[in-house]
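[1] Everything below, folded, please.
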Amino acid sequence: ASLFAAAKSDPSPELRRQAVHQLGVSGGVNELWQLYSSESDAEVKKSILEGLFLSGQPEKLFDLAGHEKDPALRKQAIRQLGLMGSAKTGTFLTSLYARETDPGAKKAAIEGLWLQGNGKALVEIARKETDPARRKEIVQKLSLMNNKDSSDYLMELLNK
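    Just a heads-up that it's a prediction; the model follows:
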């Protein structure tokens, strides 16, 4: 309760950020969610996103990755989903990429899937991608991965 009060009303953005971090570590997802909608300081909002990541529960980040109006905060939410692991977020990042029009958000989804080592999802995206530059970016990421899905796809490209 005292962390939530400090995160909500302390006049110092630095102290609010520290309180937000502690809320994330302690699993205060509902409190962080309440704070996010009322917070105006972009740096504190970034800290809230980090807190949501630290909580290990991606549901709120899914919402922000899909609907946040600030492109920088949205990209951060997408990247943090990538750091959460493919079992929790791979399907979401793949579907987000498919429906996304913002190039920065698409790039963040690719980076997130790459950080997960999710070669299967990146191959799926590469097969459907019509923009040659973006497809090249995906193939470059796949070339840095050491898994069967990426290796098989790269061999397929070489044999064409």
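[2] helix/strand/coil for the most centrally placed residue in the chain?
    For the chain, the residue nearest the mean C-alpha position is residue 78 (2.1 Å; CA atoms, centre = their mean). With DSSP: H, G, I helix; E, B strand; the rest coil as the basis, residue 78 sits in helix.
[3] Spatially nearest residue to it, not counting backbone neighbours?
    residue 108 (3.9 Å; CB to CB, 6 or more residues apart in numbering). Glycine gets a C-beta too; all of them are placed from N, C-alpha and C.
[4] if I read this right, that neighbour contacts residue 75, doesn't it?
    Yes - using CB atoms under 8 Å, residue 108 makes contact with residue 75 at a distance of 4.3 Å.
[5] And those two? Which one has more around it.
    residue 108 (26 against 20; other CB atoms under 10 Å).
[6] Please give the element, helix or strand, for that one.
    In this assignment (DSSP states H and E), residue 108 forms part of helix 103-116.
[7] And that helix, how far out from the chain middle?
    Relative to the chain's own centre, helix 103-116 is displaced by 8 Å; criterion: CA atoms, centre = their mean, to the nearest Å.
[8] Ok, stretch 57-73 next?
    8 Å.
[9] ok, now stretch 74-88?
    3 Å.
[10] I would like the residues contacting that stretch, please.
    46, 49-50, 52-53, 56, 58, 61-62, 64-65, 68, 89, 92-93, 96, 102, 104-105, 107-109, 111-118, 121 (CB atoms under 8 Å, 6 or more residues apart in numbering).
[11] If we use 6 Å, what do you get?
    49, 53, 58, 61, 64-65, 68, 89, 104, 108-109, 112, 115-116, 118 (CB atoms under 6 Å, 6 or more residues apart in numbering).
[12] For it, C-alpha coordinates in PDB please.
    The C-alpha trace of stretch 74-88 is given here as PDB (Å, rounded to 0.1, in the frame of the first residue of the first chain):
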ATOM      1  CA  ARG A  74       4.300   0.900 -27.600                       C
ATOM      2  CA  LYS A  75       7.600  -0.300 -29.000                       C
ATOM      3  CA  GLN A  76       9.000  -0.800 -25.500                       C
ATOM      4  CA  ALA A  77       6.000  -2.900 -24.500                       C
ATOM      5  CA  ILE A  78       6.500  -5.000 -27.700                       C
ATOM      6  CA  ARG A  79      10.200  -5.500 -26.900                       C
ATOM      7  CA  GLN A  80       9.500  -6.400 -23.300                       C
ATOM      8  CA  LEU A  81       7.000  -9.100 -24.500                       C
ATOM      9  CA  GLY A  82       9.900 -10.500 -26.600                       C
ATOM     10  CA  LEU A  83      12.000 -10.800 -23.500                       C
ATOM     11  CA  MET A  84       9.300 -12.800 -21.700                       C
ATOM     12  CA  GLY A  85       9.800 -15.900 -23.700                       C
ATOM     13  CA  SER A  86       8.100 -17.600 -26.700                       C
ATOM     14  CA  ALA A  87       5.800 -19.800 -24.600                       C
ATOM     15  CA  LYS A  88       4.100 -16.700 -23.200                       C
END
